[in-house]
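In: sharing a sequence plus its predicted fold:
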Amino acid sequence: MRETFTKGMARNIYYGGAVFFFLVLIGLTVDTVKRLPATDNRENLTEQVAEGKRLWEVNNCIGCHTLLGEGAYFAPELANVYTRFGESTEAIKAFIKYRPVDGIEGRRSMPQFNLSDEELEDLAQFLKYVDGIKAARDWPPNIQG
Amino acid sequence: MKYESQGIAKLYFIAAIALFVGQILFGVTMGLQYVMGDFLFPEIPFNVARMVHTNLLIVWLLFGFMGSAYYLVPEEAERELFSPILAKVMFWIFLVAGALTILGYLLVPYARLAELTMNDLLPTMGREFLEQPTITKIGIVIVALAFIFNIGMTVLTGRKTVINLVLLTGLVGLAVFFLFSFYNPDNLVLDKYFWWFVVHLWVEGVWELIMASLLAYVLIKVTGVDREVIEKWLYIIIAMALISGLVGTGHHFFWIGTPDYWQWLGSIFSALEPIPFFMMTLFAFNVVNKRRRDHPNKAAVLWALGTAVMAFLGAGVWGFLHTLAPVNFYTHGTQITAAHGHMAFYGAYVMVVLTMISYSMPLMRGQKAANVNAQKHEIRSFWIMTISMVIITLMLTAAGIMQVYLQRYSADPLPFMVVQDRLAHFYWAREVAGLAFLYGLFLYIYSFFAKGPEVADVE
């Protein structure tokens, strides 16, 4: 680089740029958090849904599935599974409940998590709540996720 | 090696490489599970293997960063490490905590691990990459604070160079942003939003500071180019990394229930994210071309150039491929993301740690550079691992393009599992490349033990 562009100038761009854009990120974050009630389906965030989210976490569901496109890419997207399963929490519960303990020969299979009926209901309600989150452009692109 | 306490880095590097082997073993296991779904089921289901694969990566890179800092900082600060004892104690604490966590993943069901570690008191588990039990996360914070205290005191009471100050800034940022891992609200959108404050602000933010400073250090050492020139480059690279990367976080906020304006902001700023990586490539080649000496450690020079190029390809080019919102609408959460993730992590962070190891390990073993045979094997392992990773990335990219078309773009979208079956050929090819990578890694390790004639000192 030419001598006219000094190390001091480079340093100032670094400090100035970092501080400025960090403040921009904070400002945008405040604005985003303020706007979230319009989209994040918090009106349906019940105690049961919160329990379901905990179950989602402690069984590491994200280790195979994606949820709103984030997670592992080994198993189907679940942010719209409620819609995909005909808006039936019963269908979701039945699917999880009847996974074979030893899997399916030669194929991917979801583990049997031995959840109680109450836990199954919590988890299904959580997935229903997630389906109600209004993602931009109604992501995912279609029912297959 | 000018200061005795730099030698502590060796411990960290050995642990890093050992965990790297574990990471790849689980990687090839998962690769096989992609095509043989019942492989090791139900003993090691995919989610467990993946958690081990990604967590080992994070832990060994942290070992690599810490080892690099312990090697580099005393030399830059021109004094011994503030507390070598603290560095050794923290090493063992981190290693034992890390090993126990991984064993916990493997030996008990994850839900039981959550129970055993009292996740209910402060639930933080079960989010991608942040699967560690809360107690492990607290351990990570303690180790990080002790580490930063040690490094910080060494820098602040010694000579302050641009390199050690930038490295310190990066390390402090790493610790600070990790604190967001303790925030886990019931509201999924909020949870996801702030989850990225750890994940994005690490890998597309402060880790880039760490990477750039390590690269700058090695380049000064192996080329003898004037520090002033290198420091100017360093500043402008990290300036661009933060200018693009901070608001660039927005490319993760397109489809998670966050406001629409992120599609514009995220697209524009993240489209700039390749710039710092491109500059790193220019920087590395420029400086090596202007070298004032031929360093006998050819392998280290190769790693330094390699990390710049592969980081640009993996993080820059493969990131840009799917970062614009209209494209990402279709590619979000597909194998395209996996392709990008693999090459970006390998190019930017794996290779920069291996660059530091390559440069410093011979010095810590009392040589100027590894012997002729050792370097030959190391260089061969560089090419095998790097080419394997390119193939892995290309296969996952091909799989991703097919997946996007069949599952999301065509007039008659197919179900996820039907599509996965059709991608099997790509997954098999990826698995073969993964095994080649593993072979390259073993060759890399063998290079440390290879005997041969000493290199001629060409300085």
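Out: Received, thanks. Numbering: from 1, shown residues only, chains lettered A, B, ... in the order given.
In: would you map the helices across chain A?
Out: Assigned by DSSP state H, the helices in chain A fall at A:7-35, A:47-58, A:81-84, A:89-97, A:117-131.
In: do you know which of those helices lies nearest chain B?
Out: Nearest to chain B among these is helix A:47-58; the distance by C-beta to the nearest C-beta comes to 2.8 Å. Every C-beta, even on glycine, is put in place using the N, C-alpha and C of the backbone.
In: spell out which residues make up each domain of chain A.
Out: A:1-38, A:41-138 (automatic domain parsing).
In: any idea which of those domains is most buried?
Out: Sort the domains of chain A by mean neighbour count, taking mean count of other C-beta atoms under 10 Å in any protein chain shown, and domain A:41-138 sits at the top with a mean of 19.
In: tell me how far the ends of that one are from each other?
Out: From its first residue to its last, domain A:41-138 covers 13 Å (C-alpha to C-alpha, to the nearest Å).
In: which sections of the stretch 1-150 of chain B are below the confidence cut-off?
Out: Judged against pLDDT under 70, the stretch 1-150 of chain B has no low-scoring part.
In: show me where pLDDT drops low in chain A?
Out: Looking at chain A by pLDDT under 70, you get A:1-3.
In: picking that back up, save the helices of chain A as a markdown table, and put in distance to residue B:12 too.
Out: Shown next, in a markdown table, are the helices of chain A (distance: least, C-beta to C-beta, whole Å):
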| stretch | distance to residue B:12 |
| --- | --- |
| helix A:7-35 | 28 |
| helix A:47-58 | 31 |
| helix A:81-84 | 43 |
| helix A:89-97 | 43 |
| helix A:117-131 | 41 |
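In: TSV for those, including distance to chain B?
Out: Shown next, in TSV, are the helices of chain A (distance: least, C-beta to the nearest C-beta, whole Å):
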stretch	distance to chain B
helix A:7-35	4
helix A:47-58	3
helix A:81-84	9
helix A:89-97	13
helix A:117-131	6
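In: who wins for proximity to residue B:447 among those helices?
Out: Closest of the helices of chain A to residue B:447 is helix A:7-35, at 36.9 Å (criterion: C-beta to C-beta).
In: quick one, what contacts residue B:25?
Out: The contact partners of residue B:25, taken as C-beta atoms under 8 Å, 6 or more residues apart in numbering or on different chains, are residue B:438.
In: write out the residues of the stretch 51-200 of chain B neighbouring chain A.
Out: Listed as neighbours of chain A in the stretch 51-200 of chain B under the rule C-beta under 8 Å from any C-beta of the partner chain: B:51, B:110-111, B:114-115, B:119-120, B:123, B:125-128, B:131, B:162, B:184, B:186-190, B:192-193.
In: do the stretch 351-459 of chain B as well
Out: Taking C-beta under 8 Å from any C-beta as the test, the list of the stretch 351-459 of chain B residues beside chain A reads B:407, B:408, B:409, B:413, B:414, B:415, B:416, B:417, B:420.
In: which ones among these lie within helices?
Out: Secondary-structure check on those using DSSP H: residues within helices are B:416, B:417, B:420.
In: which residues outside stretch B:122-133 are in contact with it?
Out: So stretch B:122-133 is contacted by A:54, A:56-63, A:70-72, B:51, B:54-55, B:58, B:101, B:104-105, B:110, B:113-114, B:116-117, B:119, B:134, B:137, B:140, B:181-182, B:184, B:191, B:195, B:198-199 (C-beta under 8 Å, 6+ apart).
In: next: stretch B:29-48.
Out: A:60-64, A:72, A:74-75, A:101-109, A:111-112, B:49-50, B:53, B:105-106, B:110, B:420, B:424, B:427-428, B:430-431, B:434.
In: quick one: buried residues of that stretch?
Out: Buried residues in stretch B:29-48, defined by neighbour count with 16 or more other C-beta atoms under 10 Å in any protein chain shown: B:29-37, B:39-42, B:44-48.
In: tell me how far residue B:396 lies from residue B:340.
Out: Between residue B:396 and residue B:340 the computed distance is 9 Å (C-beta to C-beta, to the nearest Å).
In: contacting residues for residue 63?
Out: I'll assume chain A. A:71, A:72, B:46, B:47, B:48, B:50, B:51, B:128, B:131.
In: you answered for a different chain; I wanted chain B.
Out: Neighbouring residues of residue B:63 by C-beta under 8 Å, 6+ apart: B:12, B:13, B:15, B:16, B:19, B:94.
In: now the residues you listed in CSV, with distance to residue B:83, neighbour count and secondary structure?
Out: Shown next, in CSV, are these (distance: C-beta to C-beta, whole Å; neighbours: other C-beta atoms under 10 Å in any protein chain shown; DSSP: H, G, I helix; E, B strand; the rest coil):
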residue, distance to residue B:83, neighbour count, secondary structure
B:12, 15, 28, helix
B:13, 20, 26, helix
B:15, 19, 22, helix
B:16, 21, 25, helix
B:19, 24, 24, helix
B:94, 15, 23, helix
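In: and these, which two are the farthest apart?
Out: By the measure C-beta to C-beta, B:13 and B:94 form the most distant pair in those, at 13.6 Å.
In: so residue B:7 belongs to a helix, correct?
Out: Yes - per DSSP: H, G, I helix; E, B strand; the rest coil, residue B:7 lies within a helix segment.
In: just to revisit the earlier point, just the buried residues from the ones in helices among the residues of the stretch 351-459 of chain B next to chain A, in PyMOL please.
Out: This is the PyMOL syntax for the buried subset of these, where burial follows 16+ other C-beta under 10 Å:
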select buried, chain B and resi 416+420
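In: closest one to chain A out of the ones in helices among the residues of the stretch 351-459 of chain B next to chain A, please.
Out: Looking across these and measuring by C-beta to the nearest C-beta, the closest to chain A is residue B:416, at 4.0 Å.
In: quick check: the closest one touching residue A:144?
Out: Yes - using C-beta atoms under 8 Å, residue B:416 is in contact with residue A:144, at 6.3 Å.
In: name the residues contacting each of the two.
Out: Overlap of the contact sets of residue B:416 and residue A:144 (by C-beta under 8 Å, 6+ apart) consists of residue B:407.
In: mind listing the helices for the stretch 201-350 of chain B?
Out: Here the stretch 201-350 of chain B has its helices, by DSSP state H, counting those that start in this stretch, at B:207-223, B:227-248, B:261-271, B:274-289, B:298-311, B:318-321, B:325-331, B:335-344.
In: tell me which of the ones you listed sits nearest to residue B:379.
Out: helix B:298-311 (5.4 Å).
In: quick one: buried residues of the closest one?
Out: By neighbour count on 16+ other C-beta under 10 Å, the buried set for helix B:298-311 is B:298-311.
In: of those, closest to chain A?
Out: For the buried residues of helix B:298-311, the nearest to chain A is residue B:308 (16.7 Å; C-beta to the nearest C-beta).
In: in terms of contact, does that closest one touch residue B:287 like I think?
Out: No - look at residue B:308 against residue B:287 with C-beta under 8 Å: they stay out of range, at 9.9 Å.
In: tally of neighbours for the closest residue to residue A:25 other than its chain neighbours?
Out: Leaving aside its sequence neighbours, residue A:25 sits nearest to residue B:246 (C-beta to C-beta, 6 or more residues apart in numbering or on different chains; 4.8 Å). Residues lying near residue B:246 (other C-beta atoms under 10 Å in any protein chain shown) number 24.
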